[in-house]
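from the sequence below, what's the structure:
(chains A and B)
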Amino acid sequence: MRAILIFCLTVFASACAYQPVPSDMSGEQLVESETSLSTGVAAADLLLQQGERARMKGDYQTAASNLERGLRLAPRSAALYLALAKTRLAMGDGHRAKQMAKKALSLLPAEPRGEERRVQAEARFVIERAAGV
Amino acid sequence: MPAKRKTSGAKKKSPAKARKKTAKKSPKRNSPKKGGRKFLPLFIKLGFVAGLIGLLGVMYLDAVITNHFEGKRWAIPAKVYARPLELYEGLAISEQQLAFELSQLNYRHVFDQQPEPGSFSASGGRYRIHSRGFDFWEGAESGQLVELELSRGRISQMRGASDGIARLEPALIGGIYPAHNEDRVLVKLDQVPQQLVQALLAVEDRDFFEHFGISFKGIARALFTNVVSGSVKQGGSTLTQQLVKNFYLTSERSLSRKAIEAIMAVLLEFHYDKPEILEAYLNEVYLGQAGKRGIHGVGLASLFYFGQPLRELKTHQIALLVGIIKGPSLYDPRRNPERTLKRRNQVLQIMLQQGVLDQRVYDQVVQQPLSVIRKPLYEDARYPAFLDLMKRQLRQDYRDEDLRSEGLRIFTTLDPWLQERFEKSLQSRLDTLQQAGGLNYEGAGIFTSSSTGEVSAVVGGRSVRYEGFNRALDAYRPIGSLAKPAVYLAALEQGYHLASILQDEPLEYISQTGDVWSPQNFERESHGEVPLLVALAHSYNQATARLALDVGIENVVDVMQRLGVNKKLPHLPSLSLGAVSLSPYEVAQMYQTIAAEGFATPLRTIRSVLTASGDPLQRYELEIEQRFSAADMYLLTHALQETVRSGTGKSVMHWLNKDLNLAGKTGTSDEQRDSWFAGFSGNYLGVVWVGIDDNKKTPLTGATGALPIWAQTLSHQPLVALQPQQPETVQWHWVDPQQQARTPSHCKNSLHIPMREDTVPADKVSCNGAGRVLNGFKKWID
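Now for the predicted structure:
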C-alpha cells in the first residue's frame, strides 16, 4: 500500500514538474519570449533577465554585455548561450547565432526536461533560422 | 572646446597710430641747434623697430596661445584595468583571496566604524565592504555597502547589493604612455566638486573671476604677506599665470620669462573665458610623481592619492589636494606626512577664513587623518607579460598613437589573484629545481577561463616583472607529448574507441629522403598490445606513432589546425610525438578547444574599451565555433582525465583533490630539453613550460618540471570540478579490449568507458572466469 502511495506521489510530482513546450507556439514566438531556465546561480539569473529585456528592447550591445557577464558567473548555462544566440540572430549575425545555439545544445542533458526542452526547441529553431540569415 | 573669439583690430590700431604721430614729429626735433638731439631720429627709428619687434612678439605669443589651447590639449595615456571582482551569493572565494583583492585596491581595514567608500571591516568571516564608484561599460555604478558572510570558501550570504550582485572596481594595472610620460585623467569642470574649486581659488587666486590674467591686488597682497612674515609665503601669480607657466613655458626663473608669462596670461584671458581656463588648470596642474610618470590634473591625483574618483572626495581630501599644489615633492603625503598634514590644515584654515567652510565643519574635518592610500593604485610594469599580450591584441584594432594619446580605458581579463599565485608558484618551483640541479631554469605559461577563452594570467619568465623576452608568447619550443591528443582525436573521429587495441612495439619509418625514424618509449620499453585509453594516459610513443601512421599524418595536421594551431605544420610522422615548436600561448589556444568541448574560442585579453569620457567604444565579444563533435571531445576528455587519475599526470593529486576530475597531459621533448604540462578543470585551463633558454638538456619530465607549477597555482584557486555534459550519442559500456566485446560490469579484464554509439561492439561476452573487480583499468596499468 505504502509503495503504491509513493509511486502515485512520484508520478504526480513528475507530472507537475514537466512543462511541455507549448504546442501552439511558433519558433518565432519562442525566440521572442524570455528564456526562463535557471543558470544555477541567482546573480547570473538576474543578468540573464536583464540581457533578455535589453534584447527585446533592441539594445543588443547591452544585452550581449549582460549575458557574457552572466556566463562568467555560470559558464555552463545553456540558457545564457541560447539568449546570446537569440541576440546574435536579432543582430542579423547568423553564423555566430548558430554557434551559440549549438553550444547551448551541447550543454543540455541527453534527455532534457521541462524548461530544458524549451531551450532545446528554441536553440534548434535559432540554428534553422540562422541558416537563412 | 569652443574658444571665445574677439576681434583684436581696435587694440592693434592704437599703437600704430601712436607710432605715426611720433614719426611726424621727429624731423622738427632734429634741430642742429641742439647737438644732443642729433641722435633723436636714430632713437625713434630704433624705438619703432623695437615696437615692431614687440608687436610681432605679441602676435607670435598670441598664435602660440591659441594654437596650443585649441583642440586636443594633452596626450592622454590609455589606462588598463584588470577584471573587476564580482561578489554574489554562491561565489567560491577564500578569505585569503578576498583579503588580497581588497589590498590590491588599497581598501582600508576599519574597526568599530561604518566603512566608507574604499574601506571594509571584517570579523569572523563576516565582511562589510564599501565599494567605490566606477564607470563600467554598462554605465556608472555608485559605491555601495555590502555585507557578506564567507563560509567553507563561498559567499554564503550577501546583503546590501542592489540586484544581488556587486562588483569592486577593477584594479588599474598599467598605462600606455606618451613619450613625455605625463599622466592624467581628464575631468570636465562640472565633474569637479564645487568645494574643490572654492578651496583652490581661496588658496591660489582669490580674484580669479575679477582679474584679466594678472592681478596687481594679488601681487600687492603677496608682497605684504611676505614682507610681514620675512619670508616667501605667498606667490602673486594668478591661476592663469600658473597655467601659462605649466602649459607653455619652462620652469626657468627670470625676469624676461616672467614678463612673457604675464603677456601670455593676458592673451589667454583675452581669448578664452574663465571656466575654460579653470578647467584647463585643473587638468594641467602638476600634483606628484610616480617613478617616471608625472601625475597631472586633479582627476588622476584623486586616484593616485586616495584611490577614489574625484566626485567622492571629502572636504579634508580636497584640502589636501589643494595644499599639494604648492609643492608636490615637499608636500608628498606618503613621504612627508607630518609636513603635509600641517599644509592641509593651513588650507582648511584659509577655507574657513574665506567662508568656504563654517566653524563646525572645520572643527570636524581638521581632526581627520590624511586618508591617503598606502601605495598608488598601480605600479607600472607589474604584469609585463600580460600587458604585452594585451597590447599585441589591441594593436590589431588601434594605432599606437591613439593608444598613447586618446585616454582610452581598456578593460582586460587579468585575474590578479591567479596571476600572483602563478608567479609565486613558478618562481618557487624554479628556485627549488635550480638549488637541486644547479641549472638556470626558465619558465613561462598562461592560464585562461576554460570556457570563454579569457586570459586570466600570463608569466613570461622567471623575472616576472622584467619587460624583456616574453617566453609565453615568443619562446617556440618542441611540445613533445602535448601533441598526442591531436593524434588520438583524429583516431576517434575515424571510428577508434577508447578500448581499441594499439601496438606499442618498435617501428621504423623510412622517409622519402631515406631518413629512418624509429621512436622509443621514455622508459625504453615496449608494452605490446594496449588499449587506446592506456596508450594516451601513459603517453606511449610507439603506440602513438603507429596510430598516427594508421590515421594519416595529414589528418593529424588537420586536427591540430582545427584545434587552433595557426601555423604551417610539418607533414612528418614525428609531428605525432611533438616534433613541432610552439609557444605556450599557441599550446593554450590548442588546448582551449579541447577544454571548451570542441568549440574553438580565440584567447582574449580585452573585454571592452571606453573613450576618455567613458563612452563605450568597442566590446570584444565572445567568439566560439564548433570544430569537433561533442561525442569525440567527450571521449578525449575522458582519456585526459584518466591521464591525471592514473597516468603520467597523476602527481597532480599531491596538490589537488581527485574529485575535481581534472584533465591534463604532460609533455617532454627530446633529451628532456623541455618540460610541459597542459591541463584543465571545469573553470580554468593552464599551460606551463619549463626549460633552459639555451636549450640545454635537463633531468626534468613534464611531470617533474611544469606540472607542479600548474598544480600549485590552481591549488589556491576556487576550482570547479570538470564534468562535461555527456552527449546523447555517447553511452558507457564495459568492454574487454582483447576480445573487442562488451562484458558484464566489473569484469577483471574490462574497461568501463564512454563510447560513441556507432562504435559500440556488437559482441557481448561473459567475464569468462576472469572474475570481477571495481575497475578493470588497473589491470592495464599494472
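
sketch out the low-pLDDT regions of the chain for me.
You didn't pick a chain, so chain A it is. A:1-32 (pLDDT under 70).

the chain in question should be chain B.
The low-confidence ranges in chain B, as defined by pLDDT under 70, are B:1-36, B:71-72, B:226, B:231-235, B:250-254, B:377-381, B:768-782.

around chain A, pick out the residues from it.
With C-beta under 8 Å from any C-beta of the partner chain as the criterion, chain B meets chain A at residues B:86, B:88-91, B:137-138, B:163-165, B:449-452, B:454, B:597-599, B:608, B:616, B:619, B:621-626, B:630, B:682-683, B:725-728. From N, CA and C alone the C-beta is placed, and that goes for glycine too.

and those residues, which are buried?
B:86, B:88-89, B:91, B:137, B:164-165, B:449-452, B:454, B:597-599, B:608, B:616, B:619, B:621-626, B:630, B:682-683, B:725-727 (16 or more other C-beta atoms under 10 Å in any protein chain shown).

which positions in chain A make contact with chain B?
So chain A meets chain B at A:41-43, A:46-47, A:61-62, A:64-66, A:68-69, A:71-73, A:75-76, A:84, A:96, A:99-100, A:102-103, A:106-111 (C-beta under 8 Å from any C-beta).

pull out the buried members of these.
Buried residues within these, counting neighbours by 16+ other C-beta under 10 Å: A:41-43, A:46-47, A:61-62, A:64-66, A:68-69, A:71-73, A:75-76, A:84, A:96, A:99-100, A:102-103, A:106-108.

quick check: the residue in chain A that chain B sits nearest to vs residue B:158, distance?
Per C-beta to the nearest C-beta, residue A:43 is where chain A lies closest to chain B, at 3.5 Å. Distance, residue A:43 to residue B:158, by C-beta to C-beta, to the nearest Å: 9 Å.

what is in contact with those two at once?
With C-beta atoms under 8 Å, 6 or more residues apart in numbering or on different chains applied, the overlap between the contact sets of residue A:43 and residue B:158 consists of B:88, B:89, B:164.

what about residue B:443, which helix or strand?
Element membership for residue B:443 (DSSP states H and E) is strand B:442-449.

each with direction, which strands does that strand pair with?
strand B:455-459 (antiparallel), strand B:684-691 (antiparallel) (DSSP bridges).

dump that strand to PDB, restricted to CA.
The C-alpha trace of strand B:442-449 is given here as PDB (Å, rounded to 0.1, in the frame of the first residue of the first chain):
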ATOM      1  CA  GLU B 442      63.300  29.400 -17.000                       C
ATOM      2  CA  GLY B 443      59.600  29.000 -17.100                       C
ATOM      3  CA  ALA B 444      56.500  30.600 -18.700                       C
ATOM      4  CA  GLY B 445      52.900  29.900 -19.200                       C
ATOM      5  CA  ILE B 446      49.300  31.100 -19.400                       C
ATOM      6  CA  PHE B 447      46.100  30.500 -17.600                       C
ATOM      7  CA  THR B 448      42.600  31.100 -19.100                       C
ATOM      8  CA  SER B 449      39.000  30.600 -18.400                       C
END
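
for it, list every residue counted as buried.
Buried, per 16+ other C-beta under 10 Å, within strand B:442-449: B:442, B:443, B:444, B:445, B:446, B:447, B:448, B:449.

I'd like the distance from that strand to the chain centre, please.
15 Å (C-alpha atoms, centre = their mean, to the nearest Å).

got it, and stretch B:516-529?
The answer for stretch B:516-529 is 45 Å, by C-alpha atoms, centre = their mean.

now do the same end-to-end measure for that stretch.
Using C-alpha to C-alpha, to the nearest Å, the end-to-end distance of stretch B:516-529 comes to 24 Å.

who's in contact with that stretch?
Outside stretch B:516-529, the residues that touch it by C-beta under 8 Å, 6+ apart are B:501-511, B:538-543, B:545, B:572-574, B:577, B:668, B:701, B:737-738.

just the CA coordinates for the helix or strand containing residue A:51, please, in PDB.
Using DSSP H and E, the element containing residue A:51 is helix A:42-57. Extracted as PDB, the C-alpha positions of helix A:42-57 are listed here (Å, rounded to 0.1, in the frame of the first residue of the first chain):
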ATOM      1  CA  ALA A  42      20.900  33.500  -8.700                       C
ATOM      2  CA  ALA A  43      23.100  36.500  -9.800                       C
ATOM      3  CA  ALA A  44      23.500  35.100 -13.300                       C
ATOM      4  CA  ASP A  45      19.800  34.500 -13.500                       C
ATOM      5  CA  LEU A  46      19.400  38.200 -12.900                       C
ATOM      6  CA  LEU A  47      21.900  39.100 -15.600                       C
ATOM      7  CA  LEU A  48      20.100  36.700 -17.900                       C
ATOM      8  CA  GLN A  49      16.800  38.600 -17.300                       C
ATOM      9  CA  GLN A  50      18.500  41.900 -17.800                       C
ATOM     10  CA  GLY A  51      20.100  40.700 -21.000                       C
ATOM     11  CA  GLU A  52      16.800  39.300 -22.300                       C
ATOM     12  CA  ARG A  53      15.000  42.500 -21.600                       C
ATOM     13  CA  ALA A  54      17.700  44.600 -23.300                       C
ATOM     14  CA  ARG A  55      17.400  42.300 -26.300                       C
ATOM     15  CA  MET A  56      13.700  42.600 -26.500                       C
ATOM     16  CA  LYS A  57      14.100  46.400 -26.400                       C
END
